[in-house]
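1. make a model of this:
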Amino acid sequence: MRVPVGPEGPQWSTRAGAARVLFVVHNVTSATRLLDVLPLFDADPRVQCLATCTGSSPYLHGVPELLADAGLPVLPWEQAVETPVDLAISASYGGELHLIQGKLAILSHGIGYNKRLPTPDTGHRTPDTGHRGPGPGSEPGRAPVFGLSPEWLLRDGEPIAAATVLSHPEQLTRLRRACPPAAHTAVLAGDPCFDRLLDALPHRDDFRRALGVAAGQRLIVVNSTWGPRSLFGDTHDVLPWLLDSLARELPVDGYRRCAVLHPNIWHGHGPGQVRAWLRHAEYAGLTVVPPLGPWRQVLAAADAVIGDHGSVTYYAAAIGTPVLLGAFPAQDLDPASPVAELGRTAPRLRPYEPLLPQLEKLLTDHHPDRYAQLTALASSAPGASAGLLRRTFYGLIGLAEPSPPAYLPRLLPPAHGDDATAVPPATPLRTPLQVLTHVHDRRPTAPPEITVTRYADVGSGPYAPSAPSTTASPPAPAGQATPQVVASHTAIHEDAPDSTRLPLADLVLHDSQPEPAAWTQEAMRRHRHCAMAACVTAPDTCLVRVPDGSLVTLTAAPGPDDRRDRCDPAVYASALYAWYERGKSLEDLLDGLTVVTGDAAHRLQVTITPPG
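-> Numbers count the residues shown, from 1 in each chain. The predicted model follows:
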């Protein structure tokens, strides 16, 4: 690089006298923590921020794109270690950090330091060569604790970092025990990631709306760290069962499902491969959050998290979210760490048993203060990390802090799109749906009410859902409408990847057709076995063609808060199918229809256009 650093830098730079702050990236995981603190230097023309990559991590995929998006000048590592800087900031101990010419501050890239890792980046930096034998905090035969052991913190017996940034005094206690020579470098400065998450909690409802979580729905987040003993890993390999059970057992309109995976999974196996592994789960309604996506907003919006020993699962518990541990290799953790305590506290997933009852029990039994002790261990200064970190950084540089208060940017509601920081656009379910309906004809005292419960049909398997009974209901009390028996039908999107399933459809679905009425007519002609064709024409509206050629428009009324009903309008077509199948008159719906999904009731307006 020639500008703004390098031999020609002073000649060609416009602000050649700026202090140099070098962000040292190892992989996408560590870079995300650096991106958290990068805004602390905003609006200060006295500082020139730079970036480099050590090249030491096995997970280099995605780093060039991330650095390009950050827009900072990127120095090759060889040039970076020859360039004097006023401050270098890293969120990992990997690589030859001791070669950096300047003061070094090292942050954790997760919830403190908890995991045992065998060696620092073998082949790029070996454990402390000046340290002979096990350190005072080492356990013979056990891998050192990443970030708190001499093997990681020292070089020739001296600390690599000028500032070892910790988020809580419990880490300092473990540091003093494990690596006394580095204890004097410790700085307690809170946790910027946790602070941004705490700041986001009042906006939970906004996040849920942005994620398409409808009234009465529960958002279940599946989270995995990396490694063979993680939830996504293949040591016990519960993932295939879990994905199958999430799709098969959870009614699609009662639950939304998201997956948040560690960046090392994405960049270790390749984004295309990860998406291929999750393809059928996505067809069945799983939203897969990309590695740079809004995982914190998803976490803030969640009703429950199925996770493991990673930081994201701990963050979920720390904000009071119910947690179910699907994997937890205690042997990979420092037993004195907060994450190890989570493993001793949180309930465990029971693989190969019905999933839905486990989730219902988790939600019913949970108390918001269950993990209060873990919350207290997440940060010694909740909400204050921005000020503490900026003071530390500017003190190391030797500059006076800017006068405006330090802050971290607020997390905004998730956007939809193909951008790396967005969630994938909402798409209709592409898997066949088995639909159970229950008709309550409450006329003349009230509009008819139809309960619709949809399940993803993921094929034959041993984990069938506990479907509602199809036997007749008990007689209704005198003066009340008599409920009908449960009926079922199959609804399939016309663009379902497996077109061989379409002949099974009683109801064919589509969305966003430019000429929806014409499409319904063509669909009825193409799929002569189906009874109805329905096209979603707006976020709250569905157009349905019935067997006699009539077009029925079903539109959801706004909710009590005057916000649009976020239920999938294809549900309304299934309700209409159930009504029509009973031989009921369409005209009887002109005064309105109530559709029930899970715990939510949706009031519909019905209009009919006769054939021709």
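
2. need the nearest residue in space to residue 183, chain neighbours excluded.
-> Of all residues beyond its chain neighbours, the one nearest residue 183 is residue 176 (4.6 Å), with distances taken as Cβ to Cβ, 6 or more residues apart in numbering. No exception for glycine: its C-beta is placed from N, CA and C like everyone else's.

3. isn't that neighbour right next to residue 170, touching?
-> No. Counting by Cβ atoms under 8 Å, residue 176 stays clear of residue 170, with 11.0 Å between them.

4. re the thing from before, does the residue nearest to residue 183 belong to a helix, a strand or coil?
-> helix (DSSP: H, G, I helix; E, B strand; the rest coil).

5. ditto for residue 529
-> coil.

6. can you report how many residues lie near it?
-> Using other Cβ atoms under 10 Å, residue 529 has 10 other residues around it.

7. what of residue 610?
-> Around residue 610 there are 9 residues (other Cβ under 10 Å).

8. got a list of what it touches?
-> Neighbour list for residue 610: residue 550 [criterion: Cβ atoms under 8 Å, 6 or more residues apart in numbering].

9. dihedrals phi and psi, it?
-> Backbone geometry at residue 610, expressed as degrees, to the nearest 10, gives phi -60, psi 160.

10. for the residue nearest to residue 69 when sequence neighbours are not counted, give me the pLDDT.
-> With sequence-adjacent residues excluded and distances taken as Cβ to Cβ, 6+ apart, residue 69 is closest to residue 420, at 7.2 Å. Residue 420 is assigned 78 on the pLDDT scale.

11. cool, residue 481 as well?
-> So residue 481 comes in at 48 (pLDDT).

12. now residue 446
-> According to the prediction, residue 446 has pLDDT 89.

13. look up how far residue 594 lies from it.
-> Distance, residue 446 to residue 594, by Cβ to Cβ, to the nearest Å: 8 Å.

14. who has more neighbours, those two?
-> The neighbour comparison of residue 446 against residue 594 (other Cβ under 10 Å) goes to residue 594, with 17 against 13.

15. check for me that that one belongs to a helix.
-> No. Residue 594 is assigned strand when assessed by three-state DSSP, not a helix.

16. tally up the residues packed near the residue nearest to residue 69, please.
-> Number of residues near residue 420 (other Cβ under 10 Å) recorded here: 14.

17. correct me if wrong: it contacts residue 292.
-> Yes. Assessed by Cβ under 8 Å, residue 420 is found in contact with residue 292 at 4.6 Å.

18. hmm, which helix or strand of this protein has the shakiest average pLDDT?
-> Least confident helix or strand, the chain: strand 483-493 with a mean of 86, by mean pLDDT, DSSP states H and E.

19. list the neighbouring strands of that one plus their orientation.
-> If you go by DSSP bridges, strand 483-493 pairs up with strand 433-440 (antiparallel), strand 507-511 (parallel).

20. using PDB, write out every CA atom in the shortest one.
-> Once side chains and other backbone atoms are set aside, the C-alpha atoms of strand 507-511 remain, and they are given as PDB (Å, rounded to 0.1, in the frame of the first residue of the first chain):
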ATOM      1  CA  LEU A 507     -55.300 -26.600  -3.100                       C
ATOM      2  CA  VAL A 508     -52.600 -25.100  -5.300                       C
ATOM      3  CA  LEU A 509     -51.000 -21.900  -4.100                       C
ATOM      4  CA  HIS A 510     -48.900 -19.100  -5.600                       C
ATOM      5  CA  ASP A 511     -47.900 -15.600  -4.800                       C
END
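
21. could you check how far the helix or strand just after that strand is from the centre of its chain?
-> For strand 507-511, the following helix or strand on the C-terminal side (DSSP states H and E) is helix 516-526. Centre-to-centre, helix 516-526 and its host chain are 38 Å apart (Cα atoms, centre = their mean, to the nearest Å).

22. list the contacts for the residue nearest to residue 69?
-> Contacts for residue 420 were tallied using Cβ under 8 Å, 6+ apart; they are 65, 69, 290, 291, 292, 293.

23. format the residues you listed as JSON lines; extra columns: pLDDT and neighbour count.
-> Below are those laid out as JSON lines (pLDDT from 0 to 100; neighbours: other Cβ atoms under 10 Å):
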{"residue": "65", "pLDDT": "95", "neighbour count": "12"}
{"residue": "69", "pLDDT": "94", "neighbour count": "13"}
{"residue": "290", "pLDDT": "95", "neighbour count": "21"}
{"residue": "291", "pLDDT": "94", "neighbour count": "22"}
{"residue": "292", "pLDDT": "94", "neighbour count": "20"}
{"residue": "293", "pLDDT": "95", "neighbour count": "21"}
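
24. and those as a markdown table, adding secondary structure and distance to residue 313?
-> Listed next are these as a markdown table, based on DSSP: H, G, I helix; E, B strand; the rest coil; distance: Cβ to Cβ, whole Å:
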| residue | secondary structure | distance to residue 313 |
| --- | --- | --- |
| 65 | helix | 27 |
| 69 | helix | 27 |
| 290 | coil | 19 |
| 291 | coil | 16 |
| 292 | coil | 19 |
| 293 | coil | 17 |
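
25. nearest to residue 43, out of these: which one, please.
-> Nearest to residue 43, judged by Cβ to Cβ, of the contacts of residue 420 is residue 69 at 20.4 Å.

26. low-scoring stretches of the protein, by residue?
-> Scanning the chain for pLDDT under 70 picks out the ranges 118-141, 426, 460-485.
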